[in-house]
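S.K.: Predicted model and sequence below, questions to follow.
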Amino acid sequence: MKLLNYTTSFFALILLVIIPVWAALFYYNMLDEIYDSMDDGLDNQKLLVLQKARTDSTVFRHTAFEQGDDYTVREIPALVAGPSRDMYVDTLMYMKNEDEFEPVRMLKTVFVHNNRYYELKVITSMVEEDDLVNQLLYSLLWLYLGLVATILVLNNVLLRKIWKPFYRLLRKLKGFRLEAPQPVGDIDTRIDEFRLLNDTVQKLLKGNIAAYNSQKQFIENAAHELQTPLAICLNKLELFVERHELSDEQLGQLASVMNGLERASRLNQSLLLLSRIENQQFGQGEVVDINAGARQVLADFSEQAAYKGVTLSLKEEGACAVTMHPDLAGVLLTNLVKNAIVHNVPGGRVEVVLHTGSLEVHNTGSPTSLDRNRIFDRFYKAQSSSSTGLGLAIVKAIADLYGFGVSYAYRQEHVMAVSFGRHE
Amino acid sequence: MKILVIEDEQELLQTIAGSLQMEHYIVETASDFDTALEKAGVYEYDCILLDISLPGGSGLQVLEALKKESKSDGVIIISARDSVDDRIAGLNLGADDYLAKPFHLAELHARVRSVVRRRRFGGNNTLAVANVTANLEARTIAVDGEELSLNRKEFDILLYLLTNRERLVTRTALAEHVWGDRIDEADSYEFIYSQIKNLRKKLKDSGAAVEIQAIYGIGYKLQEL
């Protein structure tokens, strides 16, 4: 949920609680005040009637409200009279104009005139509570909606303006990639927090970019520095083997030392290649004929495949020409085909299918799908093998460099697909 | 034949020099920029192995100086920096070849031979070992004048072994030379064995006075019988 909407909904919720509570208090207070003033009026009326009764005997003829009077006087036995005290009651009375029973406020009292007891009822028409409540409810609803609308507008206009630098920073961070860092830039704001946030983010990113670059540099330098000692060891061993008469057992041991060193050297070269790709040390290149490249790679691997009992085939469904560095095109094809042969089974097959804008490598192998999320990771190996575990990582790096799409799927066979169109 | 090895890494320098001496070359060495410039300027060499990163300067500067004096020494750049730019810069400056470290000694020998041959023997593009003659132009190999029927890879393997006759050629060196250096990562180079077996049979059937010896687990050596 957006910050704007969040605050708005928060306010709306608070108002939803506050307004009814406030309305209830307001309603009872007002009602109390109304009753108070109504009762005062009744009391005054009572006094007026009593005053009149002392001089005017017509008062005693008011025995019913029907005559349009607002009071009645009725003689009652002394027994019923009891002590004289005022009693306010709410009651219903038929109103001619409304043609229904309406609530009225009535004051009942007892007075003595010439030693006879009379009951006096004074009425006044009363507030229609249900109408009042209805009216109040509508007003409150409008008030509530008005308030929420105001907040909404204020939030959207004001807050949006205030939070603009924040959202701008957020947008920049969302598009930020460590491999291709774009500066976040300064922001134009008078708000200290935002400026602080921007500065902190800038400092953080600067540190991260520096760390990332030095890490990349480190991998390249480390691999690079290792090449010379590895070369020395290998060459010295070669010379040693040549210069001495050695038994097969001794040769076998030296061979395994050399194999180990060669593996280290290959690993190193792969790491170097990987960091060179990631450091974009290859240019845009030229238009490469992928069909010719694939034919060449398959020819290069034919002996190896034959030795492993794997059949290689090429299906050219279209002419595939891609603008890229020719060396990298070679590496891409080689690594895909190599991978398909190395992780194959005797009697299996590898088929390279070329379309106009894409390439697929199908191969038999282990009968289960590989982890498609990790297959392009560095040093990911489905089963332990003497491979460096960097072949597909290099494929991915090349694809990323040129914006190609690369994917893996298992459809009875393992399928690696590269689509040469631009993918974001 | 004289070869100058310019390399600042002493161990590597000695290994290269030692290996080349076994081929009966006269080897001189230089391990810094000034010595390199001096020796290359004063003497004539059949081939100069030139490291690019040297203490005191760049190997490319040595190359420039050589070309300025229009010296015709063959130059092979050996560099740990297998970067495309270095390669192009070196070759543009007139280097004959470029070899990235680490390299196999067999590969080095093959490159040196090819440079020397081009310089010394101009048009003569044949290589003879005992009764086996390789024609580099026509890409054919004949035994006693009788041409062997070889496919492209068999030719490459045999030529490589002939070039490195009496020397150890590791399986890796052979594989990288014939199949390209990206073929690596193969679980092993066992598949080369079947190729060698075919070659052995063809050599034997044609009565060649050379044989391919296996160095257990490591590689092969072509020997005159």
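M.R.: Looks like it arrived, so ask away. Since we're looking at a predicted model, the values are computed, not measured.
S.K.: element containing the closest residue to residue A:11 other than its chain neighbours, please.
M.R.: Nearest residue to residue A:11, sequence neighbours excluded (C-beta to C-beta, 6 or more residues apart in numbering or on different chains): residue A:151, at 5.0 Å. C-beta: built from backbone N, CA, C; applies to glycine. Assigned by DSSP states H and E, residue A:151 belongs to helix A:129-154.
S.K.: Ok, residue A:400 next?
M.R.: Short version: residue A:400 belongs to helix A:391-402, going by DSSP H and E.
S.K.: Just the helices from chain B, written as ranges.
M.R.: Applying DSSP state H to chain B gives helices spanning B:10-21, B:33-42, B:59-68, B:84-92, B:105-120, B:152-163, B:171-179, B:191-205.
S.K.: Just say helix, strand or coil for residue A:240.
M.R.: helix (DSSP: H, G, I helix; E, B strand; the rest coil).
S.K.: got it, and residue A:119?
M.R.: Residue A:119 - assigned by three-state DSSP - is strand.
S.K.: what mean pLDDT does the helix or strand harbouring residue A:362 have?
M.R.: Using DSSP H and E, the element containing residue A:362 is strand A:358-363. Strand A:358-363 comes out with an average pLDDT of 93.
S.K.: Run through the neighbouring helices and strands of that strand.
M.R.: Identification of packing neighbours for strand A:358-363 by 3 or more C-beta pairs under 8 Å, 6 or more residues apart in numbering or on different chains; DSSP states H and E yields helix A:326-342, strand A:349-354, strand A:413-419.
S.K.: Relative to it, what are the paired strands and their orientations?
M.R.: strand A:349-354 (antiparallel), strand A:413-419 (antiparallel) (DSSP bridges).
S.K.: For the shortest one, what is the distance to the chain centroid?
M.R.: The one in question is strand A:349-354. 42 Å (C-alpha atoms, centre = their mean, to the nearest Å).
S.K.: what is the orientation angle of that strand with helix A:326-342?
M.R.: Put simply, strand A:349-354 runs at 150 degrees to helix A:326-342, going by axes from the mean of the first three to the mean of the last three C-alpha atoms, to 10 degrees.
S.K.: Identify all contacting residues around strand A:349-354.
M.R.: Here strand A:349-354 makes contact (C-beta atoms under 8 Å, 6 or more residues apart in numbering or on different chains) with A:290-291, A:294, A:298, A:305, A:310-320, A:336-337, A:340-341, A:344, A:359-364.
S.K.: who touches the helix holding residue A:400?
M.R.: With C-beta under 8 Å, 6+ apart, helix A:391-402 has contacts from A:270, A:273-274, A:277-278, A:280, A:282, A:322, A:324, A:328, A:331-332, A:335-336, A:338-339, A:375-380, A:404-406, A:416, A:418, A:420, B:185.
S.K.: what is the mean pLDDT for the strand or helix carrying residue A:103?
M.R.: Taking DSSP H and E as the criterion, residue A:103 maps to strand A:100-113. Averaging pLDDT along strand A:100-113 gives 84.
S.K.: Also compute the angle for it relative to helix A:129-154, please.
M.R.: Computed by the same axes, to 10 degrees, the angle separating strand A:100-113 from helix A:129-154 equals 120 degrees.
S.K.: which parts of strand A:100-113 are buried?
M.R.: For strand A:100-113, burial by neighbour count (16 or more other C-beta atoms under 10 Å in any protein chain shown) applies to A:103-111.
S.K.: Mind picking the one among these that's closest to chain B?
M.R.: Chain B lies nearest to residue A:103 out of these, by C-beta to the nearest C-beta, at 97.7 Å.
S.K.: give me every residue that touches the closest residue to that closest one other than its chain neighbours.
M.R.: Distances taken as C-beta to C-beta, 6+ apart put residue A:126 closest to residue A:103, at 4.9 Å, once the chain neighbours are dropped. Shown in contact with residue A:126 (C-beta under 8 Å, 6+ apart): A:38, A:90, A:102-105.
S.K.: switch to 10 Å and redo it
M.R.: Contact analysis of residue A:126 by C-beta atoms under 10 Å, 6 or more residues apart in numbering or on different chains lists A:34-35, A:38, A:90-91, A:93, A:102-106.
S.K.: any idea which helix or strand comes after the strand or helix carrying residue A:217?
M.R.: Here residue A:217, judged by DSSP H and E, is contained in helix A:192-243. Next in sequence after helix A:192-243, counting helices and strands by DSSP H and E, comes helix A:248-278.
S.K.: quick check: angle from the helix holding residue A:217 to helix B:105-120?
M.R.: Using the same axes, to 10 degrees, the direction of helix A:192-243 lies 80 degrees away from that of helix B:105-120.
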